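In: Fold the following.
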Amino acid sequence: MKKKIRVLVVDDSAFMRKSISYILESSGEIEIVGTAKNGLEGFEAVMNLKPDLVTLDVEMPVMNGLDTLKKIMDQCPTPVIMLSSLTAEGTETTLKALSLGAVDFLTKDVVNINSGLVNIQRELIAKIKSIHNQRSLTFRLSRINNRLSDPSQKKVVLTSSNFVRPSFEIKAILIGISTGGPLSLQKVIPELDKNIPVPIFIVQHMPPMFTRSLADRLDKMSPISVKEAEDKENIVSSQIYIGPGGKHMITEKNSGMYHIKITDQPADSLYKPCVDVTLNSLIDFYGKHVFAIIMTGMGKDGLEAVKRLKQLGGYSVAQDEDSCVVFGMPKAIVDNNLADAVLPLDSIATQINKLF
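Out: Model prediction:
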């Protein structure tokens, strides 16, 4: 019999502890090894029970989610999924948690009585199963988290022998990323040259509100300007655009000028924003001259557009498995022999800078 995934549920709401436990155990593949009603109890339970994964509330008495997460990552690194509220404060706190090493999050607008908790079941179970299937994830979380917190390790750059600079001009850069994105982008974007002479587009799978906070956070950390993309704004060089959560970011041409369009179409996309949609739009305008980077994340978003880019003679990079939080999106690129280079997280910014 296949071994079940051992999960600890930490939440100050008795209703939430019971509900989450019920829906997870209903999968038949997950075992609830314990629950805790505050952060301190949660941390002690992690130390004693050594679960495979933790669901962690943000706002709790005695010890809040952020402080609990810090202690877990420092003393017993364990994959953590945060439960977040869709408020300005909740959004910022969740981004801090993701930058501290939380693997993923679920918004509490989904997790409430009115929704009947039906909507959460498929999403949360899928996240837990995908995260649990990642080899050596606990080690990788510990290593990435240590590099973020230890100033002496921030400038460590791993070299990659399989990167060959494209022989043609690069006119735009696309970064597609999902689970583990905020933590990973925090390692890449601040290291980019502020004078990169092309626009950079980031598609990060996130709900509304979170992408604006992510853009603001990265902008404060980085020499290059970072912003959430806006409808009808002109595209300029040396600027990073993050697609707004819940919408698609595409490019259009009007009166000889390229500008961004924020749209709900195509409405049937599995993801909004969607890497395939944005990359295909960039290919429409720049042809093969788009440098595509597919980083950590669940699923295969980006695969079809990268196939098209490669058919035109373009260049694509995949993040390597050892530095991914979830080796899903880049794995699809690698498995289909579409990656011109497979790079560790620490060398991605260096290779982007070397393009120019």
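In: ok, now which ones touch Val203?
Out: 174-177, 243, 249, 273-275, 278-279, 301 (C-beta atoms under 8 Å, 6 or more residues apart in numbering). The C-beta positions use only the backbone N, C-alpha and C, and glycine is treated the same way.
In: so can I have CSV of these showing neighbour count and secondary structure?
Out: CSV is the format used below for those (neighbours: other C-beta atoms under 10 Å; DSSP: H, G, I helix; E, B strand; the rest coil):
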residue, neighbour count, secondary structure
Leu174, 26, strand
Ile175, 28, strand
Gly176, 32, strand
Ile177, 28, strand
Gly243, 28, coil
Met249, 27, strand
Pro273, 27, coil
Cys274, 23, coil
Val275, 32, helix
Thr278, 27, helix
Leu279, 28, helix
Asp301, 27, coil
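In: ok, now which ones touch Gln121?
Out: 23, 26-27.
In: if we go to 7 Å?
Out: Ile23 (C-beta atoms under 7 Å, 6 or more residues apart in numbering).
In: From Pro344, how far out is it?
Out: Noted for Gln121: a distance of 35 Å to Pro344, by C-beta to C-beta, to the nearest Å.
In: which of the contacts of Val203 lies closest to Lys307?
Out: Of all the contacts of Val203, Leu279 has the smallest distance to Lys307: 10.3 Å, by C-beta to C-beta.
In: for the contacts of Val203, which one is nearest Met257?
Out: Met249 (16.7 Å).
In: For the closest residue to the closest one other than its chain neighbours, give me its contacts.
Out: Spatial nearest neighbour of Met249, chain neighbours left out: Gly243 (3.5 Å); criterion: C-beta to C-beta, 6 or more residues apart in numbering. Counting by C-beta under 7 Å, 6+ apart, Gly243 makes contact with 202-203, 211, 229, 249, 273, 278.
In: Make CSV from those residues and add pLDDT and distance to Glu41 to it.
Out: Listed next are the contacts of Gly243 as CSV, based on pLDDT from 0 to 100; distance: C-beta to C-beta, whole Å:
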residue, pLDDT, distance to Glu41
Ile202, 98, 38
Val203, 98, 38
Thr211, 94, 33
Ala229, 98, 42
Met249, 98, 42
Pro273, 96, 38
Thr278, 98, 43
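In: which pair in those residues spans the largest distance?
Out: Greatest spacing in these, by C-beta to C-beta: Thr211 and Thr278 (12.8 Å).
In: same question for the helix of greatest length in the chain, mean pLDDT?
Out: For the chain, the longest helix by residue count, based on DSSP state H, is helix 118-132. In this model, helix 118-132 has a mean pLDDT of 82.
In: what does stretch 69-89 give?
Out: On average, stretch 69-89 scores 84.
In: Run through the helices of the stretch 201-350 of the chain in chain order.
Out: Ranges of helices in the stretch 201-350 of the chain, per DSSP state H, counting those that start in this stretch, are 210-221, 275-286, 303-311, 329-335, 345-354.
In: Alpha carbons of the last one, in PDB - could you do that?
Out: The C-alpha atoms that make up helix 345-354 are tabulated as PDB, following Å, rounded to 0.1, in the frame of the first residue of the first chain:
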ATOM      1  CA  LEU A 345      18.700  29.500  -9.900                       C
ATOM      2  CA  ASP A 346      21.900  31.300  -8.900                       C
ATOM      3  CA  SER A 347      23.100  31.700 -12.400                       C
ATOM      4  CA  ILE A 348      20.000  32.900 -14.200                       C
ATOM      5  CA  ALA A 349      20.500  36.600 -13.500                       C
ATOM      6  CA  THR A 350      24.200  36.400 -14.500                       C
ATOM      7  CA  GLN A 351      23.300  34.800 -17.900                       C
ATOM      8  CA  ILE A 352      20.600  37.300 -18.600                       C
ATOM      9  CA  ASN A 353      23.100  40.100 -18.000                       C
ATOM     10  CA  LYS A 354      25.600  38.500 -20.300                       C
END
